[in-house]
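K.L.:
Coordinates only, no sequence provided:
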């Protein structure tokens, strides 16, 4: 049986201990909290698969705890326990979002059977709670959670592999109470002549817009849509109607667009790659998905999550060795989360036993100091600053040689050093005599 991590909340010490022992007897881990406030504090520090809370608590009660957790970007399911059994209480608990409802006094066998049913399926992946701990991703999830009930269109931008499609799915899951489709369109994967029919449909085939009616359409590399498709998509977002290719049939239905790009949004409009009508539809909600190297706090928790998922699929548990953690933390991950996930899954597939050693990881090349990796979407000024710093370092601080290699004048180099606040710039008169 797969092990869950459970948080039990009860202000009665004896009941709290008894419930924890009951959960542990089923093979699961159990922590305890004596109040809703303490439970919220523990949930902020670590990930749990399930919360079992007493309805009557000092301060905030069990229903209040559920409502508090539902306001958070992510939250585990909650089971309520009460000594005041009534149909009204049960209905209120389920409406508030409880996954189940127990009554006191607890029959140990009944409780075990009910928990067995809850634990019958493998625990859900805890990537939401336990693997995204960085401040930047927490802010992003909070923004997505705020947008979820609004059905607003939005643009996610960031480097390839950073997690834009995952964010779209995360948002979609929280957008509606009823099941709705999430349909994906990866424009770069299609021949140019097929894009319009895939988006808008054809007489013999549903388009992605039609498939996504009442739900969410995720369009990756939105700027690669041809101008006609961009105009038709913008019209569909505004009016809820679009024209099918081939026969000109009018189709209609509400669709939420989540677009994605690897480029800085402003550059798409300035370069004409994204037409203004469509850009204006997306402009109110443009969210940046940070690269993995920009949120190093997420590297190890994500790696542990991927290792757990991959090993559970094989019916076992694998932990990361200390040297593995150290090596993962040093790598810059130019391929972002996608690269990390692939590296961990391949290593787990080759592993034996319960520990994942570092020698099963790919041989990560150390970036040469005379090479500069430029991820897609990097701002020009950031590239220029890094290039100047690297060249100056390679020349041992010799500004004459640095200016010559960069193909700029010494005055220009001095101005750029001052603008980008690189080192402590020398006076202009000192530049000609710098170095051999």
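P.N.:
Good, I have the coordinates. Note that the structure is a prediction, hence the values are computed from the model and not measured.

K.L.:
Okay, strands next: where are they in the stretch 251-400 of the chain?
P.N.:
256-261, 286-288, 319-320, 355-356 (DSSP state E, counting those that start in this stretch).

K.L.:
and of these, who's closest to residue 66?
P.N.:
Taking CB to CB, strand 256-261 is the member of the strands of the stretch 251-400 of the chain nearest to residue 66, at 26.7 Å. (Each C-beta comes from the backbone N, C-alpha and C, glycine too.)

K.L.:
Tell me which of the strands of the stretch 251-400 of the chain sits most buried.
P.N.:
strand 256-261 (a mean of 26; mean count of other CB atoms under 10 Å).

K.L.:
Tell me who's in contact with residue 241.
P.N.:
235, 250, 251, 252 (CB atoms under 8 Å, 6 or more residues apart in numbering).

K.L.:
ok, and the most crowded of those?
P.N.:
Highest neighbour count within the contacts of residue 241: residue 251, with 17 neighbours (other CB atoms under 10 Å).

K.L.:
shouldn't that one be in contact with residue 199?
P.N.:
No: Residue 251 is not in contact with residue 199 according to CB atoms under 8 Å; the separation is 11.6 Å.

K.L.:
if we can go back for a sec, nearest to residue 142, out of the strands of the stretch 251-400 of the chain?
P.N.:
Among the strands of the stretch 251-400 of the chain, if distance is taken as CB to CB, the winner is strand 286-288, at 10.7 Å.

K.L.:
What pairs with the closest one, parallel or antiparallel?
P.N.:
strand 154-157 (parallel) (DSSP bridges).

K.L.:
Following element in sequence after the strand it pairs with, please.
P.N.:
helix 164-173 (DSSP states H and E).

K.L.:
what's in contact with whichever helix or strand comes after that following helix?
P.N.:
Using DSSP H and E, the next helix or strand after helix 164-173 towards the C-terminus is strand 182-186. Residues outside strand 182-186 that contact it (CB under 8 Å, 6+ apart) are 165, 168-169, 172, 198-199, 208, 211-212, 215-221.

K.L.:
Which of those residues fall within helices?
P.N.:
165, 168, 169, 172, 198, 199, 208, 211 (DSSP state H).

K.L.:
By mean pLDDT, flag the weakest helix or strand of this structure.
P.N.:
helix 127-130 (a mean of 43; mean pLDDT, DSSP states H and E).

K.L.:
Show me how far the helix or strand following that one is from its chain's centre.
P.N.:
Of the helices and strands lying after helix 127-130 in sequence (DSSP H and E), the nearest is helix 135-147. Centroid separation for helix 135-147 versus its chain: 9 Å, with CA atoms, centre = their mean, to the nearest Å.

K.L.:
name the helices or strands packed onto helix 135-147?
P.N.:
helix 164-173, strand 286-288 (3 or more CB pairs under 8 Å, 6 or more residues apart in numbering; DSSP states H and E).

K.L.:
by contact count, what packs against the longest one?
P.N.:
Think helix 164-173. By 3+ CB pairs under 8 Å, 6+ apart, helix 164-173 packs against helix 135-147, strand 154-157, strand 182-186, strand 216-220, strand 256-261.

K.L.:
again, 7 Å this time
P.N.:
helix 135-147, strand 154-157, strand 216-220, strand 256-261 (3 or more CB pairs under 7 Å, 6 or more residues apart in numbering; DSSP states H and E).

K.L.:
Let me know which of the helices and strands packed on helix 135-147 is the nearest to residue 322.
P.N.:
helix 164-173 (28.1 Å).

K.L.:
tell me the angle the closest one makes with strand 182-186.
P.N.:
160 degrees (axes from the mean of the first three to the mean of the last three CA atoms, to 10 degrees).

K.L.:
Now do helix 164-173 against helix 135-147: the angle between them, please.
P.N.:
Interaxial angle, helix 164-173 versus helix 135-147 (the same axes, to 10 degrees): 40 degrees.

K.L.:
coming back round to it: compare the contacts of strand 182-186 and tell me which is most surrounded.
P.N.:
residue 217 (28 neighbours).

K.L.:
Identify the bridge partners of that one.
P.N.:
With DSSP bridges as the rule, residue 217 is bridged to residue 183, residue 257.

K.L.:
Give the full set of residues in contact with it.
P.N.:
183, 185, 208, 209, 255, 256, 257 (CB atoms under 7 Å, 6 or more residues apart in numbering).

K.L.:
between those residues, which is closest to residue 20?
P.N.:
Nearest to residue 20 among those, with distances taken as CB to CB, is residue 256, at 42.5 Å.

K.L.:
That closest one against residue 151, yeah?
P.N.:
Yes: between residue 256 and residue 151 there is a contact under CB atoms under 7 Å: 5.2 Å.
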